[in-house]
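S.K.: When you get a sec, could you give me coordinates for this:
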Amino acid sequence: MIPLITRLRKQAHRDIAQAQDMIVETLYTVFNDAVMHGGTAIWRCYGGNRFSEDIDIYIPKNEERLNLFFEKLQQRGFHLEKKKIGENSLYSQLTLNRTSVRLEAIWKKTEGLLKDYEMVEGNSIPIYTLSAEQLIQEKVSAYLHRRKIRDLYDIFILLKEVREPDKVRQPLQQLLTNFNQPVDEWELKVLILEGLIPTSKKMVEYIKNRN
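M.R.: Predicted coordinates for the structure are as follows:
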């Protein structure tokens, strides 16, 4: 496989991806039970083709471990620009040199699926993420809530990874029944790393045929 750094055409994307790798490596030295989800998990663990800036995780709420995690990142050169701890979640923004990465956590202990996370240089590390079926369920909810084409594209990409179709039949039917056009169709061409950029119409047809 061609290393990810070669497939990333923009220097800004390379810088973000390298910063993400450092954050994920550090995360699992402190939170061995962390579970990644969202766009970056799909891109790195499921062979996705859409660039994603944010890191989304599920972790148990433990402020002592959280402080240790941020301390370790600061030792590696990161600056903690924002950190907002809520009752149910964390929002943070980290910078490395001039590269910014958002890290969002939901305080939740969840069972993860062991998958390889593709690193920028072409190697991989084992992490926990959600199954394709669980990610599709989350992405259907996200699309119906905000109608972003990135969520529709992620569903389209994940369908080839589904092993238990019964688990996604109902959420996909909900998507098709309540579907409205994305509010940002134009954005997909900026996010796709290589290859064809499908229209929302074609992706909906594909989902119908798979469901």
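
S.K.: Output the below-cut-off pLDDT ranges for the protein.
M.R.: 1 (pLDDT under 70).

S.K.: those strands in it, which residues are they?
M.R.: Applying DSSP state E to the chain gives strands spanning 35-37, 55-59, 78-85, 89-96, 99-107, 113-118, 124-129.

S.K.: and the fifth one, what other elements does it pack with?
M.R.: Using 3 or more CB pairs under 8 Å, 6 or more residues apart in numbering; DSSP states H and E as the contact criterion, the elements in contact with strand 99-107 are helix 11-30, strand 55-59, strand 89-96. (C-beta placed from N, C-alpha, C; glycine too.)

S.K.: Apply 10 Å and report the result again.
M.R.: The contact analysis (3 or more CB pairs under 10 Å, 6 or more residues apart in numbering; DSSP states H and E) places strand 99-107 against helix 11-30, strand 55-59, helix 63-75, strand 78-85, strand 89-96.

S.K.: and it, which strands flank it?
M.R.: Note on strand 99-107: by DSSP bridges, its sheet partners are strand 55-59 (parallel), strand 89-96 (antiparallel).

S.K.: most tightly surrounded among the ones you listed?
M.R.: strand 55-59 (a mean of 22; mean count of other CB atoms under 10 Å).

S.K.: Show the contacting residues for Ser89.
M.R.: Listed by CB atoms under 10 Å, 6 or more residues apart in numbering, the contact set of Ser89 reads Lys61, Glu104, Ala105, Ile106, Trp107, Lys108.

S.K.: let's go with 8 Å and repeat that
M.R.: Glu104, Ala105, Ile106, Trp107 (CB atoms under 8 Å, 6 or more residues apart in numbering).

S.K.: again with Ala17
M.R.: Counting by CB under 8 Å, 6+ apart, Ala17 makes contact with Leu4, Ile5, Leu8, Val120.

S.K.: can you list the domain ranges for this structure.
M.R.: Per the record, the chain has its domains at 4-130, 133-210, by automatic domain parsing.
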